[in-house]
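> Below is the structure, and that's it, no one-letter string:
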């Protein structure tokens, strides 16, 4: 019997496969000891891409975190992960959305301008901060490093879980 793997069943990103980091097939036992094939491959793919960005991206850890979040991580939800890793993922999300403005009073200043010109927000939408960008512009590199370490920890744990058969 000749068996050829179906690439559609293995949605690991091509970039990961190209650098030889992607796992081939994922079979694991979850908390209920039932076998789940490819259940966590989507999360594993996104986390691997994020770890790759954090390890090889340009700039300091905060700019690499921004690339990792705006790239592969923003599509992940806690439901993509095993229950035991969800709390860590929620911690990462909370840390990256800590601030809603680049500097204290920024939104209040913009609201004053909106009162003067009702079309201000439409014309200058780029001036309104993204919570992740605002947070990363205000945190220290050491805080960014803790967040990056937690991302790697989740990836490492998930990769370890999926390797067990």
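Happy to help now that I have it. Bear in mind that the values here come from a model prediction, so they are computed numbers and not experimental data.

> what's the residue closest to the geometric middle of the protein?
Central residue of the chain (Cα atoms, centre = their mean): residue 73, 2.2 Å from the mean position.

> who's in contact with the nearest residue to it once chain neighbours are set aside?
In this structure, residue 73 finds its nearest non-sequential neighbour in residue 50, 5.1 Å apart by Cβ to Cβ, 6 or more residues apart in numbering. To be clear about C-beta, it is placed using only N, CA and C from the backbone, and glycine gets the same treatment. Counting by Cβ atoms under 8 Å, 6 or more residues apart in numbering, residue 50 makes contact with 68, 69, 71, 72, 73, 151, 155.

> and residue 134, how many neighbours?
When neighbours are defined as other Cβ atoms under 10 Å, residue 134 has 20 of them.

> pLDDT on the helix or strand harbouring it, on average?
Using DSSP states H and E, residue 134 sits within helix 131-138. The pLDDT scores in helix 131-138 average 93.

> Identify all contacting residues around the next helix or strand after it.
Where DSSP H and E defines the elements, the next helix or strand beyond helix 131-138 is helix 141-163. Under the criterion Cβ under 8 Å, 6+ apart, residues 23, 26-28, 40-41, 43-44, 47-48, 50-51, 54, 60-62, 64-65, 68, 73, 81-82, 84-85, 88-89, 91-92, 95-96, 136 lie in contact with helix 141-163.

> Residue 82 contacts residue 40, correct?
Yes: at 6.9 Å, residue 82 and residue 40 qualify as touching, with contact defined as Cβ atoms under 8 Å.

> Show me what the helix holding residue 134 is packed up against.
When contacts are defined as 3 or more Cβ pairs under 8 Å, 6 or more residues apart in numbering; DSSP states H and E, helix 131-138 packs onto helix 61-70, helix 83-96.

> Repeat the analysis, applying 10 Å as the threshold.
Under the contact criterion of 3 or more Cβ pairs under 10 Å, 6 or more residues apart in numbering; DSSP states H and E, helix 131-138 touches helix 61-70, helix 83-96, helix 141-163.

> Could I get the contacting residues of the spatially closest residue to residue 49 that is not a sequence neighbour?
Leaving aside its sequence neighbours, residue 49 sits nearest to residue 72 (Cβ to Cβ, 6+ apart; 3.9 Å). Residues counted as contacts of residue 72 (Cβ atoms under 10 Å, 6 or more residues apart in numbering) are 13, 43, 45, 46, 47, 48, 49, 50, 51, 52, 53.
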